[in-house]
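Engineer: Have a look at this fold, sequence not included:
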């Protein structure tokens, strides 16, 4: 687990992985939350409806919810926006592991949305130096990615590896040359860019370079800060 505390921050973005056996279940309190089914399947019950998530699907909600694993069990990536250093909840019917938590700078007077998407890189793809309109957590689910954030050293990320981008520092990402690479991310962004990209290239000409990669947007929902 990696934690980056900040005495000046009022909000924290957290990523847990919940693993449930077949038929396992657990309840979670009300929070702005995205669940991504990494393996197997789960059903998420949150008033007024239930949603079944197969592997590679995602759900957003802000109310109390219950998670029930399918016949082969399930592993879920749970992204949550919490106030300060609120303790994480464990699922009673399974195992919970905190993968990353990081302070995120938000203005309680501003309007935000929570976006969840998957980025897929073809072998050898490069995301040239860029920033984003807000901070978020990434989790690699396939392949390998060399990530350089700001002036820091390049870091090789493998499946299950996580990192945080504030959106302010430029980021360079180089995908594996040998296999497709994918990561899932959840970011807190200005509500005004709903339905539009959050990326801003350091060199605007790079918007047409460094491809191919594709994006699958699962969630792009306005949120209220608690």
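Structural biologist: Okay, I see it. From a predicted model like this one, the values you see are computed outputs, not experimental measurements.
Engineer: Kindly state the domain boundaries assigned to the chain.
Structural biologist: With domains defined by automatic domain parsing, the chain comprises 2-104, 112-223.
Engineer: Could you identify which of these has the lowest mean pLDDT?
Structural biologist: Comparing mean pLDDT across the domains of the chain, the lowest value falls on domain 2-104: a mean of 92.
Engineer: just to revisit the earlier point, make JSON lines out of the domains of the chain and add mean neighbour count.
Structural biologist: (Each C-beta comes from the backbone N, C-alpha and C, glycine too.) What follows is those, written out as JSON lines (neighbours: other Cβ atoms under 10 Å):
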{"stretch": "domain 2-104", "mean neighbour count": "18"}
{"stretch": "domain 112-223", "mean neighbour count": "17"}
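Engineer: List the beta-bridge partners for residue 130.
Structural biologist: Bridge pairing for residue 130 (DSSP bridges) gives the partners residue 171, residue 201.
Engineer: In this model residue 75 seems to touch residue 19, though I could be wrong.
Structural biologist: Yes: counting by Cβ atoms under 8 Å, residue 75 is a contact partner of residue 19 at 4.8 Å.
Engineer: What strands flank the strand ranked longest in the chain, and is each parallel or antiparallel?
Structural biologist: For the chain, the longest strand by residue count, based on DSSP state E, is strand 65-83. Paired strands of strand 65-83, with direction, are strand 11-20 (antiparallel), strand 25-28 (antiparallel), strand 32-46 (antiparallel) (DSSP bridges).
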